[in-house]
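Colleague: Got a predicted structure plus its sequence, pasted below:
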Amino acid sequence: MKIYPSRTFYGEFSIPGDKSITHRAILFNGAAEGRAVITNALLGEDCLSSAACMRALGADIRIEGDRIVVTGAPAFRDADCDCGNSGTTMRLLMGLTAGKGVQVRLTGDSSLSKRPMERVAAPLRQMGAEIFTTNGTAPITIGKAKLIGRRVDTVVASAQVKSALLLAALGAEGETIVREPMRSRDHTERMLAAMGADIRVDGRDVSIKGGKLRCRDVEVPGDISSAAYFMALGALRGETLCKNVGVNPTRTGILRVFDRMNVSYALENERTVCGEPVADIRVRKSELRAVRLTREIMPTLIDELPVIAVMCAFARGESVIEGAEELKVKESDRIQTTSDMINAAGGDCTPMPDGFIVRGKAELSGGTIRSCGDHRIAMSGAVALMASNEGGEIEDAQCVNISFPRFYTMLGQGGEKKC
Ligand code: S3P
């Protein structure tokens with residue numbers, strides 16, 4: 001994919017549905033009693049993997065335009081589930097199927113098959129689950145077992161791990177309390193409460209009792225992780241307005257970074273949709289300052305770090321990102337692939353064991369960037385090239401279909417006009 005440089009970038013963008021919330025709307029309704037309509041659903045490859053797995057388990061899932069109509073299967077059948085590239089699908093299904101009295105096999109593509117799964121399997125076993133991983137990774141088999149609620153302390157602040165445990169707890173006897181080292185995104189807690197679960201949040205503790213879910217219509221807000229590319233282009237090259245973006249406080253670390261990097265932005269039209277805060281985000285061209293980011297903020301912006309690194313590459317001074325070792329186990333080793341992406345675009349980024357150092361430059365030359373099959377590296381690389389002097393090329397560019405199928409089309413719509 002060729003990316004041409006653009007001195008200015010203005011535009012208004014309707015941001016596609018949130019990936020985390022679309023997954024949950026499909027998985028939870030697919031396991032609930034009744035029928036639900038999901039609107040503004042993200043129809044990227046990851047969420048389609050969740051839909052295919054739920055069909056295999058017995059749910060009826062129909063895609064009608066940008067709506068998904070789900071008729072739940074409160075009782076599952078034995079199934080082989082191909083989770084594709086999607087870590088969320090695999091990890092949440094481990095919890096969702098563990099106490100359902102079925103035999104399930106979970107597989108994934110070559111990237112997903114390298115990602116750590118014991119972080120979910122081990123605490124599920126503490127609840128009585130029968131789970132076999134392949135040296136800690138997929139393929140995974142889940143057997144028939146009776147689960148008992150208990151207190152579980154998770155080691156990593158991961159919404160995928162927490163969500164798997166909360167879903168398993170629904171099929172367990174008694175109460176389960178999950179405590180995280182730091183709070184991760186809370187879409188699961190919000191949606192389960194709306195679907196009738198007996199769930200309580202108290203600081204870092206989430207308690208939930210066994211019980212059934214009722215289907216619930218969901219209107220999915222736009223994904224701040226997808227908006228981030230257009231927000232960055234506004235800050236670097238002009239002004240952008242990203243409409244209908246989810247601004248759940250467990251997801252808005254990038255706005256805290258904007259505060260510290262001197263980015264001029266505003267939230268407009270703030271409202272609540274299906275229990276999730278939503279706003280339009282306006283970002284204006286700013287003189288960017290370097291930033292130092294440490295461990296505490298990571299869960300709130302982990303997927304935005306590649307594009308934040310691009311902004312740091314254009315900022316005045318040296319930015320340090322530390323406490324971000326989770327990046328190593330994403331769709332690619334994002335400490336390495338982010339550094340390689342910045343350097344290939346003409347920037348200056350040094351990887352470290354737990355993050356990277358980015359030395360800002362006034363200009364980047366551009367160049368050829370390898371996505372390494374990672375959607376967020378491809379999209380962050382496209383932002384870097386668009387803001388560079390000569391532009392360049394993204395190799396293996398189609399991986400954006402995982403989370404943002406219309407990304408290049410929308411990028412091409414940004415232009416000279418003021419919004
Ligand atoms: C997600 C949680 C995050 C995030 C991923 C989606 C989710 O992963 O990186 O893209 O939907 O729960 P972790 O929970 O493993 O940090």
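Modeller: Perfect, I can see it now.

Colleague: What number of residues are in the vicinity of the residue nearest to Arg91 when sequence neighbours are not counted?
Modeller: Among residues not flanking Arg91 along the chain, Gln160 sits closest, at 4.0 Å (CB to CB, 6 or more residues apart in numbering). For the C-beta atoms, the positions are set from N, CA and C on the backbone; glycine is no exception. Gln160 has 22 neighbouring residues, counting by other CB atoms under 10 Å.

Colleague: which residues touch Gln160?
Modeller: Residues in contact with Gln160, defined by CB atoms under 8 Å, 6 or more residues apart in numbering, are 87-88, 91-92, 120.

Colleague: Which helix or which strand is home to it?
Modeller: Secondary structure from DSSP states H and E places Gln160 in helix 159-170.

Colleague: any idea which helix or strand comes after that helix?
Modeller: strand 172-173.

Colleague: which stretches of the chain have low pLDDT?
Modeller: Across the chain, the ranges flagged by pLDDT under 70 are 415-419.

Colleague: hang on, isn't Ile26 packed against Ser50?
Modeller: Yes: under the criterion of CB atoms under 8 Å, Ile26 is in contact with Ser50, at a separation of 4.6 Å.

Colleague: Spit out the contact partners of the closest residue in space to Arg214 that isn't next to it in sequence.
Modeller: Leaving aside its sequence neighbours, Arg214 sits nearest to Gly196 (CB to CB, 6+ apart; 4.7 Å). When contacts are counted by CB under 8 Å, 6+ apart, Gly196 touches 211-214.

Colleague: quick one: which of those has the most company?
Modeller: Counting by other CB under 10 Å, top hit in the contacts of Gly196: Leu213 with 22 neighbours.

Colleague: tally of neighbours for Phe132?
Modeller: Phe132: 11 neighbours (other CB under 10 Å).

Colleague: do you know how far the residue nearest to it when sequence neighbours are not counted is from Gly128?
Modeller: In this structure, Phe132 finds its nearest non-sequential neighbour in Thr141, 4.8 Å apart by CB to CB, 6+ apart. Plainly put, Thr141 is 16 Å away from Gly128 if you go by CB to CB, to the nearest Å.

Colleague: and what of Arg295?
Modeller: On the measure of CB to CB, Arg295 and Gly128 end up 32 Å apart.

Colleague: where do the helices sit along the stretch 151-300 of the chain?
Modeller: 159-170, 187-194, 224-237, 253-261 (DSSP state H, counting those that start in this stretch).
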